[in-house]
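1. Quick one, fold the following:
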Amino acid sequence: MTILVTGATGTVGRHVTELLVKRGANVRALTRNPERAERLLPQGVSIASGDLMKPETLEAAVQGAEAMFLIVSSDEPNADLNTDPEVVRLAEAAGVKRVVVLVGYEEGPVEETLQAGRMQWTLVKPAEFMANVLADWGEMIRADGAVQEFNGDALSARVHEGDIAAVAVEALLEDGHHGRTYALTGPEALTRKEAVRLIAAAMDRGIPFVELSEEEARRNWRDQGYDEESVDFFVQMAVNTPEAGYTVLPTVEQVLGRPARTFAQWAKEHRREFG
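-> The predicted structure is shown next:
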C-alpha cells in the first residue's frame with residue numbers, strides 16, 4: 001500500500017512517516033525541499049517534489065497512491081502554505097481511495113471539497129501541539145533561563161504531536177474511520193505556569209515564569225514581525241481561550257486503545273532541546 005504523506009518534514013508529518021514505515025507501508029513523502037527531506041526522513045521513504053499551492057506539480061506524486069495524509073497549512077516556522085482544494089480533486093482523479101486531513105484552526109475549502117467527493121475521509125483536529133512550547137519558549141529558556149509570557153493562568157489541553165500522528169496512521173491503515181472528525185487533546189489541561197514547571201522538572205533546574213502585561217506582550221509580538229490582526233488574535237486566545245482549547249477529550253485513548261501522553265512525558269523527551 002503506497003501512502004502519500006504531505007508535510008512529511010513537519011512536526012506531525014515526520015511522526016506520521018516514521019509510524020507508517022514501522023507498520024510496513026510504502027511511504028512517498030511530498031516536499032518542496034527534497035534535500036531536507038532526504039536528511040530527515042527514514043531510509044526507504046521515496047521523495048516526491050511538489051507544492052500543495054500548485055496542484056499541477058502533484059500529478060506524478062499522486063499516481064499509484066492509495067491513501068494520503070494531507071495538511072492544509074504548515075506547522076514549520078516561516079513556511080507559507082495554504083493548500084489549494086484542487087489537490088483533493090486531483091487525488092480523487094488519480095485513484096486515491098482514502099484521505100486523512102490534519103485540520104488547522106478551523107475547517108475550510110479543502111475539507112469541504114473532500115466531504116463532497118467520493119473518497120473516504122477522516123479529519124484530525126488537534127488542540128494546541130505540545131511542540132508549540134518549544135517554538136514559543138525554547139529560545140527564551142536557552143538564552144535567559146526564564147519564560148516571559150502573557151497571562152500565565154491561560155489553560156491549554158495540549159496534545160503530543162506523536163499522538164496526533166498515531167491517530168492519523170490508524171485512520172490511514174484501518175477501516176472504520178470514514179466520515180469521522182477526531183478532536184484531539186492531551187490527558188490534562190495545564191496553565192502556562194504549570195507547563196513551565198514541568199519543563200523545569202524535566203530539566204532538573206528552576207525556570208522562573210515572568211508575567212508580562214498585555215502591552216509588553218503586544219510590543220514583543222510586534223517586534224517579532226506580527227501584524228496587528230495577529231497580535232489581537234494572540235491576546236484574545238490568552239484572555240478568552242475557547243472552551244475547545246482546554247476541554248480534555250478521551251479521543252486519543254478511544255482510537256489508539258491507550259492513554260494520551262502527558263506533557264510531563266513530552267518535556268522529558270525534549271529536555272535537551274531547551275538547553
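
2. so how far is stretch 42-57 from its chain's centroid?
-> 18 Å (CA atoms, centre = their mean, to the nearest Å).

3. end to end, how far does that stretch reach?
-> 24 Å (CA to CA, to the nearest Å).

4. now that stretch: mean pLDDT?
-> For stretch 42-57, mean pLDDT rounds to 94.

5. Give me the contact list for it.
-> For stretch 42-57, the external contacting residues (CB atoms under 8 Å, 6 or more residues apart in numbering) are 4, 6, 8, 17-18, 21, 26-32, 34, 37-38, 41, 58, 60-61, 70-71, 81-84, 86-87, 90. Quick note: C-beta positions are derived from backbone N, CA and C, even for glycine.

6. If we use 7 Å, what do you get?
-> 6, 17-18, 21, 27-32, 34, 37-38, 58, 60-61, 81-84, 86-87, 90 (CB atoms under 7 Å, 6 or more residues apart in numbering).

7. Now which of those residues would you call buried?
-> If you count burial by 16 or more other CB atoms under 10 Å, the buried members of the contacts of stretch 42-57 come out as 6, 17-18, 21, 27-32, 37, 58, 61, 81, 83-84, 86-87, 90.

8. Among the contacts of stretch 42-57, which lie within helices?
-> 17, 18, 21, 34, 37, 38, 60, 61, 86, 87, 90 (DSSP state H).

9. For the residues you listed, could you give me CSV that also reports distance to residue 101?
-> Below are the ones in helices among the contacts of stretch 42-57 laid out as CSV (distance: CB to CB, whole Å):
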residue, distance to residue 101
17, 16
18, 20
21, 21
34, 23
37, 21
38, 26
60, 22
61, 17
86, 15
87, 11
90, 15
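
10. Now flag whichever of those is closest to residue 255.
-> Lowest distance from residue 255 to the ones in helices among the contacts of stretch 42-57 (CB to CB) belongs to residue 18, with 18.2 Å.

11. got the buried residues for whichever helix or strand residue 234 is part of?
-> Element membership for residue 234, per DSSP states H and E: helix 228-239. Neighbour-count burial for helix 228-239, counted by 16+ other CB under 10 Å, picks out 231, 234, 235, 237, 238.

12. Of the residues you listed, which is the nearest to residue 157?
-> residue 237 (13.5 Å).

13. Now do the contacts for the closest one.
-> Applying CB under 7 Å, 6+ apart, no residues contact residue 237.

14. Distance-wise, check it relative to residue 128.
-> 9 Å (CB to CB, to the nearest Å).

15. How about residue 61?
-> Residue 61 is 30 Å from residue 128, by CB to CB.

16. With residue 175 instead?
-> 30 Å.

17. which of the two has more neighbours?
-> Set residue 175 next to residue 128 and count neighbours by other CB atoms under 10 Å: residue 128 wins out with 17 against 8.

18. Now do the more buried one against residue 234, distance only.
-> 13 Å.

19. likewise residue 269?
-> Applying CB to CB to residue 269 and residue 234 gives a distance of 26 Å.

20. swap in residue 138?
-> With CB to CB as the criterion, residue 138 and residue 234 are 18 Å apart.

21. Check which residues of the helix or strand just after the helix holding residue 234 are buried.
-> Following helix 228-239 in sequence order, the next helix or strand is helix 243-246 (DSSP H and E). Buried residues in helix 243-246, counted by 16+ other CB under 10 Å: 245, 246.

22. what packs against helix 243-246?
-> In terms of contacts (3 or more CB pairs under 7 Å, 6 or more residues apart in numbering; DSSP states H and E), helix 243-246 is packed against strand 155-156.

23. what's next to the strand it packs on, contact-wise?
-> 127, 128, 189, 190, 191, 241, 245, 246.

24. Out of those, give me the two with the largest separation.
-> Within the contacts of strand 155-156 (distances taken as CB to CB), the two that end up farthest apart are 127 and 191, at 14.5 Å.
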